[in-house]
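Colleague: I'd like to go over a predicted model; first the sequence, then the structure.
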Amino acid sequence: MFERFTNEARAVVVRAQEESRALEHGHIGTEHLLLAMLDYTAGIAFAVLSQAGVEREQVRREVKKHLAPPLGPADAEALKTIGIDLDAVLDRIKESFGKDALRQTPPPARRGWLRRRRRTGGRIPFTPRAKKVLELSLRESIRLKHKYIGTEHILLGFIREGGGLGALILAERGVDLERLRTAVLTALGKAA
(Lines give C-alpha, C1' and ligand atoms only; values in the text may rest on other atoms or scores of the structure.)
Protein backbone atom coordinates (compact mmCIF):
# COMPACT_ATOMS: atom_id res chain seq x y z
CA MET A 1 0.00 0.00 0.00
CA PHE A 2 2.76 2.49 0.89
CA GLU A 3 4.00 2.35 -2.69
CA ARG A 4 0.82 4.23 -3.65
CA PHE A 5 1.56 7.02 -1.17
CA THR A 6 2.71 10.36 -2.57
CA ASN A 7 5.89 11.85 -1.14
CA GLU A 8 3.72 14.22 0.93
CA ALA A 9 1.67 11.33 2.32
CA ARG A 10 4.81 9.35 3.19
CA ALA A 11 6.15 12.44 4.93
CA VAL A 12 2.97 12.58 7.03
CA VAL A 13 3.56 9.02 8.25
CA VAL A 14 7.21 9.82 9.04
CA ARG A 15 6.22 13.04 10.83
CA ALA A 16 3.62 11.13 12.87
CA GLN A 17 6.43 8.89 14.11
CA GLU A 18 8.54 11.98 14.89
CA GLU A 19 5.62 13.56 16.77
CA SER A 20 5.21 10.40 18.83
CA ARG A 21 8.91 10.38 19.70
CA ALA A 22 8.94 14.10 20.54
CA LEU A 23 6.00 13.61 22.90
CA GLU A 24 7.66 10.48 24.34
CA HIS A 25 4.72 8.25 23.49
CA GLY A 26 5.16 4.56 22.81
CA HIS A 27 2.68 4.46 19.93
CA ILE A 28 1.58 6.29 16.81
CA GLY A 29 -2.07 7.21 17.18
CA THR A 30 -4.58 9.30 15.31
CA GLU A 31 -3.43 12.29 17.35
CA HIS A 32 0.07 11.95 15.88
CA LEU A 33 -1.33 11.64 12.36
CA LEU A 34 -3.35 14.82 12.97
CA LEU A 35 -0.26 16.67 14.19
CA ALA A 36 1.66 15.45 11.13
CA MET A 37 -1.05 16.71 8.78
CA LEU A 38 -0.77 20.13 10.43
CA ASP A 39 2.61 20.72 8.82
CA TYR A 40 2.58 23.16 5.88
CA THR A 41 4.16 20.51 3.63
CA ALA A 42 1.09 18.25 4.03
CA GLY A 43 -0.62 19.77 0.99
CA ILE A 44 -4.39 19.61 0.81
CA ALA A 45 -4.77 18.12 4.31
CA PHE A 46 -2.88 21.06 5.82
CA ALA A 47 -4.82 23.61 3.77
CA VAL A 48 -8.22 22.19 4.76
CA LEU A 49 -7.32 21.84 8.44
CA SER A 50 -5.89 25.37 8.50
CA GLN A 51 -9.02 26.78 6.87
CA ALA A 52 -11.03 25.05 9.59
CA GLY A 53 -8.99 26.97 12.17
CA VAL A 54 -7.02 23.98 13.45
CA GLU A 55 -3.57 24.99 14.68
CA ARG A 56 -0.69 22.62 15.30
CA GLU A 57 0.48 24.04 18.62
CA GLN A 58 -3.05 24.05 20.04
CA VAL A 59 -3.52 20.41 19.01
CA ARG A 60 -0.13 19.52 20.52
CA ARG A 61 -1.22 21.10 23.84
CA GLU A 62 -4.48 19.14 23.73
CA VAL A 63 -2.64 15.88 23.01
CA LYS A 64 -0.34 16.51 25.97
CA LYS A 65 -3.35 17.28 28.17
CA HIS A 66 -5.20 14.11 27.15
CA LEU A 67 -2.15 11.87 27.44
CA ALA A 68 -0.63 13.48 30.52
CA PRO A 69 0.91 11.20 33.10
CA PRO A 70 -1.54 10.20 35.82
CA LEU A 71 0.27 12.34 38.40
CA GLY A 72 0.48 16.07 37.84
CA PRO A 73 1.71 19.17 39.66
CA ALA A 74 -1.14 19.15 42.18
CA ASP A 75 -0.33 15.53 43.03
CA ALA A 76 3.36 16.39 43.43
CA GLU A 77 2.44 19.17 45.88
CA ALA A 78 0.18 16.87 47.87
CA LEU A 79 2.89 14.21 48.10
CA LYS A 80 5.46 16.85 49.10
CA THR A 81 3.35 17.76 52.13
CA ILE A 82 3.84 14.23 53.45
CA GLY A 83 7.55 14.17 52.63
CA ILE A 84 7.55 12.43 49.24
CA ASP A 85 9.46 14.07 46.39
CA LEU A 86 7.63 12.92 43.24
CA ASP A 87 10.45 14.01 40.92
CA ALA A 88 12.92 11.94 42.95
CA VAL A 89 10.59 8.92 42.80
CA LEU A 90 10.16 9.27 39.02
CA ASP A 91 13.93 9.67 38.53
CA ARG A 92 14.53 6.53 40.62
CA ILE A 93 12.00 4.57 38.52
CA LYS A 94 13.73 5.65 35.30
CA GLU A 95 17.13 4.82 36.79
CA SER A 96 15.99 1.36 37.92
CA PHE A 97 13.79 0.36 34.99
CA GLY A 98 14.98 2.51 32.09
CA LYS A 99 13.94 5.87 30.69
CA ASP A 100 10.90 4.37 28.94
CA ALA A 101 9.51 2.72 32.07
CA LEU A 102 6.78 5.32 32.47
CA ARG A 103 5.88 5.57 28.81
CA GLN A 104 2.30 4.85 27.95
CA THR A 105 1.95 1.57 26.16
CA PRO A 106 -0.14 1.34 23.01
CA PRO A 107 -3.22 -0.82 22.81
CA PRO A 108 -2.42 -4.37 21.73
CA ALA A 109 -2.08 -4.76 17.98
CA ARG A 110 -4.85 -6.52 16.13
CA ARG A 111 -4.24 -8.98 13.39
CA GLY A 112 -4.35 -7.26 10.04
CA TRP A 113 -2.45 -6.18 6.98
CA LEU A 114 -0.54 -3.39 8.78
CA ARG A 115 0.50 -5.50 11.78
CA ARG A 116 4.24 -5.88 12.26
CA ARG A 117 5.47 -9.37 12.96
CA ARG A 118 8.04 -8.18 15.48
CA ARG A 119 9.17 -4.88 16.89
CA THR A 120 12.40 -3.66 15.44
CA GLY A 121 14.83 -0.96 16.43
CA GLY A 122 13.37 2.50 16.31
CA ARG A 123 9.95 1.64 14.95
CA ILE A 124 7.00 2.75 16.96
CA PRO A 125 3.82 0.68 16.58
CA PHE A 126 0.63 2.13 15.17
CA THR A 127 -2.48 1.90 17.31
CA PRO A 128 -5.37 -0.05 15.78
CA ARG A 129 -7.21 3.22 15.07
CA ALA A 130 -4.19 4.76 13.31
CA LYS A 131 -3.86 1.58 11.21
CA LYS A 132 -7.54 1.89 10.37
CA VAL A 133 -7.01 5.50 9.23
CA LEU A 134 -4.30 4.35 6.81
CA GLU A 135 -6.47 1.48 5.58
CA LEU A 136 -9.37 3.87 5.05
CA SER A 137 -7.10 6.27 3.17
CA LEU A 138 -6.57 3.51 0.61
CA ARG A 139 -10.31 2.90 0.42
CA GLU A 140 -10.96 6.64 -0.04
CA SER A 141 -8.41 6.76 -2.84
CA ILE A 142 -10.06 3.80 -4.57
CA ARG A 143 -13.54 5.29 -4.04
CA LEU A 144 -12.39 8.52 -5.72
CA LYS A 145 -10.77 6.48 -8.52
CA HIS A 146 -7.33 7.90 -7.76
CA LYS A 147 -4.21 5.89 -8.47
CA TYR A 148 -2.34 7.41 -5.53
CA ILE A 149 -2.81 8.06 -1.82
CA GLY A 150 -2.22 11.68 -0.86
CA THR A 151 -2.53 13.64 2.35
CA GLU A 152 -6.12 14.38 1.41
CA HIS A 153 -6.88 10.64 1.45
CA ILE A 154 -5.23 10.28 4.85
CA LEU A 155 -7.42 13.12 6.13
CA LEU A 156 -10.51 11.50 4.59
CA GLY A 157 -9.55 8.21 6.27
CA PHE A 158 -9.02 10.05 9.53
CA ILE A 159 -12.47 11.63 9.27
CA ARG A 160 -14.12 8.35 8.29
CA GLU A 161 -12.53 6.49 11.23
CA GLY A 162 -13.70 9.35 13.45
CA GLY A 163 -13.17 7.73 16.83
CA GLY A 164 -9.59 8.32 17.90
CA LEU A 165 -8.03 10.96 20.09
CA GLY A 166 -7.35 13.13 17.04
CA ALA A 167 -11.06 13.25 16.17
CA LEU A 168 -11.95 13.88 19.81
CA ILE A 169 -9.61 16.88 19.89
CA LEU A 170 -11.17 18.28 16.72
CA ALA A 171 -14.67 17.79 18.16
CA GLU A 172 -13.65 19.56 21.36
CA ARG A 173 -12.46 22.47 19.21
CA GLY A 174 -15.86 22.60 17.50
CA VAL A 175 -14.70 21.18 14.16
CA ASP A 176 -17.50 19.32 12.37
CA LEU A 177 -16.02 16.23 10.68
CA GLU A 178 -18.67 16.12 7.96
CA ARG A 179 -17.97 19.73 7.01
CA LEU A 180 -14.27 18.93 7.04
CA ARG A 181 -14.94 16.00 4.68
CA THR A 182 -16.90 18.29 2.34
CA ALA A 183 -14.03 20.79 2.41
CA VAL A 184 -11.53 18.07 1.43
CA LEU A 185 -13.72 16.93 -1.47
CA THR A 186 -14.21 20.55 -2.57
CA ALA A 187 -10.44 21.13 -2.44
CA LEU A 188 -9.91 18.00 -4.51
CA GLY A 189 -12.38 19.32 -7.07
CA LYS A 190 -10.49 22.59 -7.28
CA ALA A 191 -7.15 20.79 -7.52
CA ALA A 192 -8.26 18.63 -10.45
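Modeller: Here it is on my side, so go on.
Colleague: what's the spacing between the closest residue to R56 other than its chain neighbours and L138?
Modeller: Leaving aside its sequence neighbours, R56 sits nearest to L38 (Cβ to Cβ, 6 or more residues apart in numbering; 3.9 Å). Just so you know, the C-beta spots here come from the backbone N, C-alpha and C atoms, and that holds for glycine as well. Distance, L38 to L138, by Cβ to Cβ, to the nearest Å: 22 Å.
Colleague: next one: V175
Modeller: The gap separating V175 from L138 is 24 Å, by Cβ to Cβ.
Colleague: now do T6
Modeller: For T6, the distance to L138 - Cβ to Cβ - is 13 Å.
Colleague: what is in contact with those two at once?
Modeller: Residues touching both T6 and L138 by Cβ atoms under 8 Å, 6 or more residues apart in numbering: I149.
Colleague: which SS class is the residue most central in space within the chain?
Modeller: Residue closest to the average C-alpha location in the chain (Cα atoms, centre = their mean): H32, at 2.0 Å. When classified by DSSP: H, G, I helix; E, B strand; the rest coil, H32 comes out as helix.
Colleague: check contacts around it.
Modeller: Taking Cβ under 8 Å, 6+ apart as the definition, contacts of H32 comprise 16-17, 19-20, 23, 25, 63, 130, 166.
Colleague: what about the chain, any weak spots by pLDDT?
Modeller: For the chain, applying pLDDT under 70 flags the ranges 1, 69-72, 97-122, 190-192.
Colleague: helices along this protein, start to end?
Modeller: Ranges of helices in the chain, per DSSP state H, are 7-22, 30-37, 43-51, 56-66, 73-81, 86-97, 128-143, 151-161, 165-172, 177-191.
Colleague: so A11 makes contact with Y40?
Modeller: No: checked against Cβ atoms under 8 Å, the pair A11 and Y40 is beyond contact range at 11.2 Å.
Colleague: neighbour count: these two, which is higher?
Modeller: A11 (18 against 9; other Cβ atoms under 10 Å).
Colleague: for the more buried one, give its distance to L185.
Modeller: Relative to L185, and taking Cβ to Cβ, A11 is found at 22 Å.
Colleague: before we move on, what about Q17?
Modeller: Counting by Cβ to Cβ, the gap from Q17 to L185 is 28 Å.
Colleague: now stretch 176-186: buried residues?
Modeller: 177, 180-181, 183-184 (16 or more other Cβ atoms under 10 Å).
Colleague: ok, now stretch 51-59?
Modeller: Buried, per 16+ other Cβ under 10 Å, within stretch 51-59: 52, 54, 56, 59.
Colleague: ok, the first one - contacts?
Modeller: If a contact means Cβ under 8 Å, 6+ apart, then A52 has 175, 179-180, 183 as its contacts.
Colleague: quick check: it vs M37, distance?
Modeller: 11 Å.
Colleague: and what of H66?
Modeller: From H66 over to M37 the distance is 18 Å, taken as Cβ to Cβ.
Colleague: so which of the two has more stuff around it?
Modeller: The neighbour count for H66 versus M37, taken as other Cβ under 10 Å, is higher for M37 (28 against 12).
Colleague: I'm done for today, thanks for sticking with me.
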